[in-house]
Structures are given as C-alpha cells and as structure tokens.
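*Asks:* need a structure here:
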Amino acid sequence: MRHKTDHFLTKEWRLHGLKVSELCKKIALFLILDKDYVEILSEAGKIHDIGKFYIPEYVLNAKRPLSLMERMVVDMHSYYGYMQLLEFGYPDIICQLVLMHHGKKRYRPDNIQIHSLIYELYPILLAADMYDALRSDRVYRQAMEKEQALSILKDHEEISEDILCALSVIDN
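*Replies:* Numbers count the residues shown, from 1 in each chain. The predicted model follows:
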C-alpha cells in the first residue's frame, strides 16, 4: 500500500516518517509489546504525516510563530491523513493511530469510535513523533539536545515514564 502514499510525502516528511517509524519500533520492543503491535506502530510512524499534503506550504514552512488560525489548519493534518488512509484501504488501527498521533486533545471528530487498543499505542507514536521533531532542525529552530527534548516530553501528560525511559536508552 505504501506506493499509494508516495506522492503525498515529500522527501523531508518521508525521512521524518522513517525516523519516527524506527523510534516506534525500538520503543515497542523495549516495552516488550507483541510483534504485531510493533509492526502496526512502525507502519503508522512511516505515514503519520500524510495529511500535511493538504496543508498550504506557506503555513508548513513558516519561519515565524503560527497564528491561531494557522495552528488550527496544521492540527487538521491528522484528520486529513486518517481520511486519506481510509480511502487507500489501510487497516482501521493504522488510520486511527494517524488520527491520534498528536494526542487526545487535538482535532478529532466525535463520531469516530476509537478502538480501545489505540489508547495503549498512540502515546508511543506521539512520543516518537515529538522526539524526532525536537531532535531535528526545523525552519523555525535548531535541533535540541537529547536531555532538553526528553525534558519537554516529560511534561506531556500522555507520555508515560516507561516511554521516556525507552527513549533515553535507545537514543545514545
């Protein structure tokens, strides 16, 4: 199915997706999750930002703080990705992970029934995505050091101590 997503992902998003995928896999293995969950998280990590295809480039590449409206537009990428992956025929569990990859409090329609397993898995994708974003250069800031990134993640209520421990061990 990956071929259906290729033209939606820029080189930068593809690289970020591969890093997030690898982090998801390593965290899941550290936490001794079932191999099927490892694969699901790995696949979701690769394509989690597919919805950014629908966000205007001038917003995505802004070298300034986003306005409230622009932030709302960017937040929609999880929903757009969810809808696109459903259309491509991806398994619902991967679609729902993509929908939830920025956490419970981001945009999510009330009419989507979230599978209970998602609540166990999405914090891993959330942490991997945030961690890679913080540790990578962005148009609006330079990459952070490991300890600074972990400190920011520690303050996130949806990321457990187990996930933080995994990240601190696997990123040497």
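*Asks:* and Pro56, how far is that from Val74?
*Replies:* As for Pro56, its distance to Val74 is 10 Å (criterion: CB to CB, to the nearest Å). (Each C-beta comes from the backbone N, C-alpha and C, glycine too.)
*Asks:* Comparing those two, which residue is more hemmed in?
*Replies:* For Pro56 versus Val74, neighbours defined as other CB atoms under 10 Å are more numerous around Val74 (20 against 11).
*Asks:* Go through the one helix or strand that one maps to and flag the buried ones.
*Replies:* Using DSSP states H and E, Val74 sits in helix 68-75. Buried residues in helix 68-75, counted by 16 or more other CB atoms under 10 Å: Glu70, Val73, Val74, Asp75.
*Asks:* Verify the stated contact: Tyr54 with His77.
*Replies:* Yes: under the criterion of CB atoms under 8 Å, Tyr54 is in contact with His77, at a separation of 6.9 Å.
*Asks:* Of those two, give the one with the bigger neighbour count.
*Replies:* The neighbour count for Tyr54 versus His77, taken as other CB under 10 Å, is higher for His77 (23 against 15).
*Asks:* Got the confidence number for that one?
*Replies:* Predicted confidence (pLDDT) for His77: 93.
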